[in-house]
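[1] the sequence and its predicted three-dimensional model are supplied below.
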Amino acid sequence: MERNFNNFLVKIFCVGDDGVGKSCVMNSYSSSGPLTPSLFKGSELTWTDYTLSVTHNQKPLKIRLVIGDQNELRRIKQIEFNDIFLICFSVDSKVSYDNVEKWSTEIKKILPTPNILLVGTKIDYRKEGGEFKPSIVTQEMGIEKAKEINAIKYMECSSATYEGIKEIFDESINIYMTKKLYAQDLRKKSFLIPKKNSNKKSCKTQ
Ligand SMILES: Nc1nc2c(ncn2[C@@H]2O[C@H](COP(=O)(O)OP(=O)(O)OP(=O)(O)O)[C@@H](O)[C@H]2O)c(=O)[nH]1
């Protein structure tokens with residue numbers, strides 16, 4: 001039977017330290033390209049909760065993008081097991097990298113086994129002058145941190161160049177879909193299994 005994907009709402013929560021580029025990541029994705037100079041400077045980054053329609057593998061879907069802190073997460077009442085959490089740090093900020101664990105702990109207070117993608121932002125900084133900055137967080141460090149916090153994956157991006165942005169959201173949608181469809185199939189199967197209790201009851205009454 002054809003599934004109705006129009007009813008699917010992929011919720012993606014984006015958290016991380018101030019200034020790591022959360023709004024830019026979300027805006028870059030929702031505008032399908034590198035940010036224009038005005039958006040990039042942050043002057044028009046106004047929304048924190050936004051729903052958009054996308055096509056994924058030829059299926060229409062709705063995505064709700066939420067940017068915020070732990071208060072924002074608590075405000076959203078219906079957090080579900082298949083929602084996606086992007087924990088962002090900036091690759092030019094060791095402090096934001098060190099704070100990833102704090103964000104992971106906050107999320108786990110709300111949902112014990114969340115779907116986390118760890119996202120290293122602003123990777124265009126790495127290529128500045130063709131040289132690595134000494135304080136920069138490397139890809140290996142990102143992978144290591146993702147393992148430490150039990151994230152599904154470590155991914156990197158730049159809102160300045162759009163590099164890696166679409167991939168992060170494609171991956172988020174894939175994780176959501178896999179979990180949602182699996183849960184739906186399990187529910188269907190459970191209807192097909194005869195209940196043991198009902199058998200016992202009929203024996204007693206005979
Ligand atoms: N070079 C570079 N700078 C970026 C990138 N993304 C964001 N920035 C810069 O970082 C600043 C902060 O980005 P925001 O998206 O506002 O960061 P935020 O995490 O939403 O910040 P808060 O709203 O304070 O939580 C922006 O004004 C941009 O100038 C990027 O990919 N590359």
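    Received the coordinates, thanks. Everything quoted here is computed from the prediction, not taken from an experiment. Numbers count the residues shown, from 1 in each chain.
[2] which strands or helices does the biggest helix by length in the chain pack on?
    In the chain, assigned by DSSP state H, the helix with the most residues is helix 165-192. For helix 165-192, the packing partners by 3 or more Cβ pairs under 8 Å, 6 or more residues apart in numbering; DSSP states H and E come out as strand 9-16, helix 22-30, strand 49-56, strand 59-67, strand 84-90, strand 115-121, strand 153-156. In this view, the C-beta of every residue, glycine as well, is placed from N, C-alpha and C.
[3] can you give me the angle it makes with strand 115-121?
    180 degrees (axes from the mean of the first three to the mean of the last three Cα atoms, to 10 degrees).
[4] show me which residues of helix 165-192 are buried.
    By neighbour count, with 16 or more other Cβ atoms under 10 Å as the criterion, the buried positions of helix 165-192 are 165, 168-169, 171-173, 175-177, 179-180.
[5] is there proximity between that helix and the ligand?
    No. Helix 165-192 lies apart from the ligand when judged by Cβ under 6 Å from any ligand atom; the minimum separation is 8.8 Å.
[6] show me what contacts Ser159?
    The contact partners of Ser159, taken as Cβ atoms under 8 Å, 6 or more residues apart in numbering, are 21, 24-25, 27-28, 34-35, 40, 121-122, 165.
[7] go again with 6 Å.
    21, 24-25, 28, 35 (Cβ atoms under 6 Å, 6 or more residues apart in numbering).
[8] make TSV from the buried residues of helix 165-192 and add pLDDT to it.
    What follows is the buried residues of helix 165-192, written out as TSV (pLDDT from 0 to 100):
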residue	pLDDT
Ile165	97
Ile168	97
Phe169	96
Glu171	96
Ser172	96
Ile173	94
Ile175	94
Tyr176	91
Met177	88
Lys179	85
Lys180	79
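[9] turn those residues into TSV, including distance to Arg75.
    Shown next, in TSV, are the buried residues of helix 165-192 (distance: Cβ to Cβ, whole Å):
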residue	distance to Arg75
Ile165	26
Ile168	23
Phe169	22
Glu171	26
Ser172	21
Ile173	23
Ile175	23
Tyr176	21
Met177	26
Lys179	23
Lys180	23
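[10] relative to Lys59, which of the residues you listed is nearest.
    Distance ranking of the buried residues of helix 165-192 against Lys59, using Cβ to Cβ, places Met177 first at 8.8 Å.
[11] separation between the nearest residue to Gln139 once chain neighbours are set aside and Phe81?
    In space, and not counting its chain neighbours, Gln139 is closest to Glu156: 6.6 Å by Cβ to Cβ, 6 or more residues apart in numbering. Taking Cβ to Cβ, to the nearest Å as the measure, Glu156 falls 26 Å from Phe81.
[12] more crowded one of the two?
    When Glu156 and Phe81 are compared for neighbours, Glu156 comes out ahead with 19 against 12, by other Cβ atoms under 10 Å.
[13] that one against Thr121, yeah?
    No. Using Cβ atoms under 6 Å, Glu156 is not in contact with Thr121, being 7.7 Å away.
[14] just how off-centre is the host helix or strand of Ser38 within its chain?
    Using DSSP states H and E, Ser38 falls within helix 37-40. Distance, stretch centre to chain centre, for helix 37-40: 23 Å (Cα atoms, centre = their mean, to the nearest Å).
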